[in-house]
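> Predicted structure and sequence below. I'll ask about it afterward.
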Amino acid sequence: MNFNADSLSPDNLSALLTREKVSARFPAALSVLSDLVRIPGIAWEAFPEADLESSASQVANLLERTGIFESIDIRRASVNGVAGAPAVVAHRAAKNGRPQILLYAHHDVQPPGDLDQWATPPFQPTLADGRIYGRGAADDKAGIVAHLTAIEVLRDLVGPDFEIGISVFIEGEEEAGSPTFRKFLEENKEQLQADVIVVADSSNWSTSVPALTTTLRGLVSQVVEVSTLDHALHSGMYGGAVPDALTAMIRLLASLHDAEGNVNVAGLKRGTASDLEYSDESLAQDSGLLDGVKQIGSGTILDRIWMKPSVTVIGIDAVPVAQSSNTLLPSVRAKVSMRIAPGEKPQEALNLLRSHLEANVPFGAKLQFGDVELGKPFADENVGWAKELASACLGAAFGEPAVDAGIGGSIPFIADLIEVFPKAQILVTGVEDPDSRAHSPNESIHLETLKSAIVAESLFLYMGNDLRVN
């Protein structure tokens, strides 16, 4: 398929008309977002499944209200006899050679965490300073709202008989690691098949500069247990001669970084990020780095957070301070989360991590490996029409050229999309900004960024309705 440059750039009139339609629908979109935030749908066993069911039903009802789909279903896939969380699938087939677009987001959210860290109730959407605060407001219920509103704007612009094909897949277990995702794709392949897949689960460069995510680090998570004794001991009687498991674990975990804070696991791949400007001051502001606290690692900031491995100890099973006693602990568990660079194979990275831990366990302590989670990294090699059009639409919507950006986090299921739909072009977009604080207390979405993201997606669908792909 060949296009000239002009055919993939929205004209000023189209952009203006689209923005007007989005502006007219935006108050209703914010109302929908607020309603979704109120539903605490969390795909973890410790939380009520009924909330996930309610969340999926609400999304299905919203898609039904658009009046444009041939089918809308709530479906599950099962792995090893265990059913996954409810996902919503809607489908409308393309006509007359127009492209089929698959719009992805997820309706499940992270647990709220420590409620004392929230300035407002996590499941009570709160408008303040041009943002809506609440768990899932950014990740990823704003993505759902962006898809829904863009579909409605397309209908407003060209009528209900448009020819572009639209499928929607709103997953229900992304925050729990998408355990049935691959099976779900395979079982619903016919309805999810597409020329372009738009994944609305990432971030923009800033509130005013849009971005397409072109690299994502992968994930290797390993639970480890260190044991030194067959029972607990009085620390006063035996301390100084007998090693306790917590001291051994601390020394082992400290070996994962060198003196500068670089990852100390030998053999891991490293890459080089794009030359976007990102200052020390910007990092400190975006991350909330305290005054006087130094950065870790070497190389450029973007190399370190996009294209180099990182290691974080995200959990330790030990005695809380409030319950502590003068005791040598016989065993301690920890969970090590390692982000790996694009191009790294997760299993090879896991082997390197395990080899490092085995070589550095102190005092002859016993080391056991527990649960593992692996996620592939992503490096976009997309040079097709969809990325060109999406970049142009983002630029027209935000008033600033779109940039190609990396993300230090992981979206492991993208590798499954690539493998199941190898001919599809994949666009990783987002409605978030650096201060959205996804997964953290006081998560929020910037309203003007959300509006511009909706304008961009609406333009993409509007222009796609005039393209032929076969």
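Yep, it's here. Numbers count the residues shown, from 1 in each chain.

> The closest residue to Thr126 other than its chain neighbours: neighbour count?
Nearest non-adjacent residue to Thr126, counting by C-beta to C-beta, 6 or more residues apart in numbering: Thr120, 4.1 Å away. (Each C-beta comes from the backbone N, C-alpha and C, glycine too.) For Thr120, the number of neighbouring residues by other C-beta atoms under 10 Å comes to 15.

> shouldn't Thr120 be in contact with Leu127?
No - checked against C-beta atoms under 8 Å, the pair Thr120 and Leu127 is beyond contact range at 9.9 Å.

> where do the contact lists of these two overlap?
Tyr133 (C-beta atoms under 8 Å, 6 or more residues apart in numbering).

> and the residue nearest to Thr126, which of the three is it?
For Thr120, the assignment made with DSSP: H, G, I helix; E, B strand; the rest coil gives coil.

> All further residue positions should be reported with the first residue as 470.
Renumbered: residue one is now 470, and that last one reads Thr589.

> Distance-wise, check it relative to Ile601.
The spacing between Thr589 and Ile601, counted by C-beta to C-beta, to the nearest Å, is 10 Å.

> so what sits against both of those two?
Thr595.

> quick revisit: give me every residue that touches the residue nearest to Thr595.
So Thr589 contacts Thr595, Ala597, Tyr602, Gly603, Asn911 (C-beta under 8 Å, 6+ apart).

> Could you give me the PyMOL syntax to select whichever of those are buried?
Of the contacts of Thr589, the buried ones go into a single PyMOL selection, burial set by 16 or more other C-beta atoms under 10 Å:
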select buried, resi 595+602+603+911
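
> Counting only strands, which of the contacts of Thr589 make the cut?
Thr595, Ala597, Tyr602 (DSSP state E).

> Redo the residues you listed as a markdown table? Include distance to Lys835 and pLDDT.
Formatted as a markdown table, the ones in strands among the contacts of Thr589 follow (distance: C-beta to C-beta, whole Å; pLDDT from 0 to 100):
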| residue | distance to Lys835 | pLDDT |
| --- | --- | --- |
| Thr595 | 49 | 98 |
| Ala597 | 52 | 97 |
| Tyr602 | 46 | 98 |
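
> between those residues, which is nearest Val578?
Nearest to Val578, judged by C-beta to C-beta, of those is Tyr602 at 13.3 Å.

> Mind listing the residues bridging to the closest one?
Under DSSP bridges, the beta-bridge partners of Tyr602 are Thr595, Ser913.

> Where do the helices of the stretch 470-619 of the chain begin and end?
Using DSSP state H, counting those that start in this stretch, the helices of the stretch 470-619 of the chain run over residues 481-506, 518-535, 610-627.

> What of the stretch 720-869 of the chain?
For the stretch 720-869 of the chain, the helices defined by DSSP H, counting those that start in this stretch occupy 749-756, 770-771, 815-829, 854-867.

> Of all the residues in the third one, which ones are buried?
If I follow you right, that is helix 815-829. By neighbour count on 16+ other C-beta under 10 Å, the buried set for helix 815-829 is Pro815, Ala818, Leu819, Leu821, Leu822, Arg823, His825, Leu826, Asn829.

> before we move on, what about stretch 924-935?
For stretch 924-935, burial by neighbour count (16+ other C-beta under 10 Å) applies to Val924, Ala925, Glu926, Ser927, Leu928, Phe929, Leu930, Tyr931, Met932, Gly933, Asn934.

> quick one: contacts of that stretch?
Stretch 924-935 has contacts (C-beta under 8 Å, 6+ apart) with 477, 479, 483-484, 487-488, 490-491, 567-568, 570, 615-616, 618-620, 622-623, 626-627, 631-633, 635, 665, 667, 669, 679, 858-859, 862-863, 865-867, 898.

> now the residues you listed: which count as buried?
Among those, those buried by neighbour count (16+ other C-beta under 10 Å) are 477, 479, 483-484, 487-488, 490-491, 567-568, 570, 615-616, 618-620, 622-623, 626, 631-633, 635, 665, 667, 669, 679, 858-859, 862-863, 865-867, 898.

> which one among the contacts of Thr589 gets closest to Ala753?
The closest of those to Ala753 turns out to be Asn911 (C-beta to C-beta; 17.9 Å).

> Report the contact partners of the closest residue in space to the closest one that isn't next to it in sequence.
In this structure, Asn911 finds its nearest non-sequential neighbour in Ala588, 5.5 Å apart by C-beta to C-beta, 6+ apart. Going by C-beta under 8 Å, 6+ apart, Ala588 touches Tyr602, Pro910, Asn911.

> Now distance to Ile887 too, for the helices of the stretch 720-869 of the chain, in a markdown table please.
Below are the helices of the stretch 720-869 of the chain laid out as a markdown table (distance: least, C-beta to C-beta, whole Å):
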| stretch | distance to Ile887 |
| --- | --- |
| helix 749-756 | 29 |
| helix 770-771 | 24 |
| helix 815-829 | 15 |
| helix 854-867 | 14 |
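
> and the most far-flung residue of the chain relative to its centre, what element?
Relative to the mean C-alpha coordinate of the chain, counting by C-alpha atoms, centre = their mean, the farthest residue is Met706 (49.5 Å). Per DSSP states H and E, Met706 falls inside helix 704-707.

> What lies in contact with that helix?
Outside helix 704-707, the residues that touch it by C-beta under 8 Å, 6+ apart are Asp713, Asn795, Thr796, Leu797.

> got it, and stretch 805-814?
Contact partners of stretch 805-814, identified using C-beta under 8 Å, 6+ apart, comprise 684-693, 722, 725, 732, 734, 737-740, 776-783, 815, 818, 822, 845-848, 877-879.
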